[in-house]
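Chemist: Structure for the following, please:
(one chain, ligands or ions: 2)
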Amino acid sequence: MSNLVCIQDYENHAYSVLPRNALDYYRSGAGQQETLLDNRRAFSRYKIRPRCLQDVSKRDLSTTVLGQKVSMPIGIAPTAMQRMAHPEGECANVRAAQGLETVFTLSTISTSSIEEVAQAAPRALKWFQLYIYKDRQLTKNLVERAEKAGFKALVLTVDAPLFGLRLADMRNKFSLPSHLRMANFDGEKATKINNSPAKSSGLNEYVSALFDATLQWKDIEWLKSITKLPIVIKGVLTGSDAKRGVEAGVAGIWVSNHGARQVDGTPASIEALPEIVQAVQGKAEIYLDGGIRDGTDVFKAIAMGARMVFMGRPALWGLTQGGQEGVENILKIIKNEFEHTMAISGCATIADIEPNMVVHELYYSKL
Ligand SMILES: Cc1cc2nc3c(=O)[nH]c(=O)nc-3n(C[C@H](O)[C@H](O)[C@H](O)COP(=O)(O)O)c2cc1C
Ligand SMILES: CCCCCCC(=O)C(=O)O
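Modeler: Numbers count the residues shown, from 1 in each chain. Ligands and ions are numbered 1, 2, ... in the order given. As a prediction, the model looks like this:
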């Protein structure tokens with residue numbers, strides 16, 4: 001739709017077409033949703049300091065992540081159950097990422113299987129997000145399947161020993177529509193939350209029953225012992241956890257509050273970023289998600305030390321508007337906004353974006 005010109009337009013459109021159960025699941029944050037608001041508000045507290053009179057006639061937005069080239073430092077974060085947004089769900093999303101030459105991260109809780117996604121976009125740079133199940137053999141099988149299907153990294157989510165309390169899902173008694181299933185599993189694990197007779201949200205019951213809440217730092221050793229893929233830990237919000245990740249040998253630290261869906265009251269991810277950059281000292285790559293909706297947000301995150309940013313909900317809103325084409329449009333819009341921000345701020349390449357080009361607004365009140 002040509003009158004949808006920014007991500008907010010796509011979000012507004014999605015609100016008018018998605019069924020309530022799915023819309024609430026996609027948009028919700030935890031608790032009173034303070035952090036959800038903060039993920040957006042915090043970006044506006046950082047200001048861009050443009051550089052004038054630079055030659056920006058030739059521009060290059062490309063970079064590398066974990067040694068692989070991408071056309072821009074903006075990728076797709078893992079979000080569960082994408083076929084509620086479009087019949088082709090994750091397969092449409094990964095094709096869009098392939099078209100824009102960027103990373104697609106597949107959720108463990110996908111409604112298209114690892115193999116379907118690999119087949120849908122063989123040339124895409126694909127990462128697999130991992131939830132560790134109490135059943136370690138089952139977890140090991142997921143890892144082996146992702147490796148065999150050509151996924152290039154494992155993104156271990158470390159912020160979800162339990163599931164956040166999302167009030168709308170509890171009120172709706174969320175369940176997955178009966179024509180869909182969790183496609184990476186067989187039997188009960190595939191259908192446990194279809195029309196579940198949950199007392200509250202079927203999501204919380206699923207996670208409590210099946211995910212391993214005993215997970216500790218030492219389990220990263222176990223994960224390393226069963227895979228050759230680089231490991232990224234997702235959901236880090238403090239410098240001390242980032243350091244522990246580096247000591248445990250991870251290749252990437254993904255700064256995230258899980259789209260504000262786990263603990264309400266955590267900082268916006270952009271606020272947490274500087275502490276983590278300082279702690280990591282360049283010993284691992286740093287990524288960030290949470291509230292990225294505009295090219296200026298991308299610029300700020302890169303200037304502040306992220307190598308790559310990821311978007312969760314925007315791709316879901318894109319899916320509701322034509323599947324693959326909708327997600328491609330979302331990616332093109334933000335890429336174009338980012339390119340404009342770079343050029344008008346005097347940066348022709350990603351390397352030109354320097355830390356001193358973004359300051360907290362308090363900088364100006366001290367002058
Ligand atoms: C509907 C939805 C489902 C999600 N599912 C997962 C998931 O399966 N695994 C995971 O690690 N994170 C999941 N996340 C968190 C995202 O990966 C990401 O951290 C978050 O969406 C980023 O914030 P944004 O939506 O503001 O871009 C989910 C987020 C949403 C909104
Ligand atoms: C079926 C329960 C787990 C869903 C995991 C998705 C997720 O992380 C989210 O934030 O929602």
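
Chemist: alpha carbons only for contacts and neighbour counts from here, please
Modeler: Noted.

Chemist: how about the residues of the stretch 1-150 of the chain that lie near ligand 2?
Modeler: 80, 109 (Cα under 6 Å from any ligand atom).

Chemist: Tell me, how many residues neighbour the closest residue to C52 other than its chain neighbours?
Modeler: Closest residue to C52 in three dimensions, ignoring its sequence neighbours and counting by Cα to Cα, 6 or more residues apart in numbering: G346, at 5.8 Å. Other residues near G346 come to 19 when the count uses other Cα atoms under 10 Å.

Chemist: swap in A242?
Modeler: A242 is flanked by 27 other residues according to other Cα under 10 Å.

Chemist: repeat for the one 4 residues further on
Modeler: If you count neighbours by other Cα under 10 Å, V246 ends up with 21.

Chemist: helices or strands next to the helix or strand hosting it in the packing?
Modeler: Under the criterion of DSSP states H and E, V246 resides in helix 239-247. In this structure, helix 239-247 makes packing contacts with helix 269-280, judged by 3 or more Cα pairs under 8 Å, 6 or more residues apart in numbering; DSSP states H and E.

Chemist: Any residue of the helix it packs on touching ligand 1?
Modeler: No. Helix 269-280 stays clear of ligand 1 (Cα under 6 Å from any ligand atom), getting no nearer than 9.0 Å.

Chemist: Just after that helix, pick out the following helix or strand.
Modeler: Following helix 269-280 toward the C-terminus (DSSP H and E): strand 285-289.

Chemist: sorry, back to before: pull out the buried positions in the helix holding V246.
Modeler: 239, 241-243, 245-246 (16 or more other Cα atoms under 10 Å).

Chemist: And for stretch 114-127?
Modeler: 114, 116-118, 120-122, 124-127.

Chemist: What's the end-to-end length of that stretch?
Modeler: Length of stretch 114-127, first residue to last, Cα to Cα, to the nearest Å: 10 Å.

Chemist: Point out where the chain drops to low pLDDT.
Modeler: Low-confidence segments of the chain, defined by pLDDT under 70: 1, 195-199.

Chemist: which residues in it form strands?
Modeler: Secondary structure of the chain (DSSP state E): strands at 46-48, 63-65, 68-70, 74-76, 103-106, 125-130, 153-157, 231-236, 252-255, 285-289, 308-311, 358-360.

Chemist: now these as JSON lines including distance to I334?
Modeler: Compiled in JSON lines, the strands of the chain are given as follows (distance: least, Cα to Cα, whole Å):
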{"stretch": "strand 46-48", "distance to I334": "17"}
{"stretch": "strand 63-65", "distance to I334": "16"}
{"stretch": "strand 68-70", "distance to I334": "15"}
{"stretch": "strand 74-76", "distance to I334": "8"}
{"stretch": "strand 103-106", "distance to I334": "15"}
{"stretch": "strand 125-130", "distance to I334": "19"}
{"stretch": "strand 153-157", "distance to I334": "24"}
{"stretch": "strand 231-236", "distance to I334": "23"}
{"stretch": "strand 252-255", "distance to I334": "20"}
{"stretch": "strand 285-289", "distance to I334": "14"}
{"stretch": "strand 308-311", "distance to I334": "10"}
{"stretch": "strand 358-360", "distance to I334": "19"}
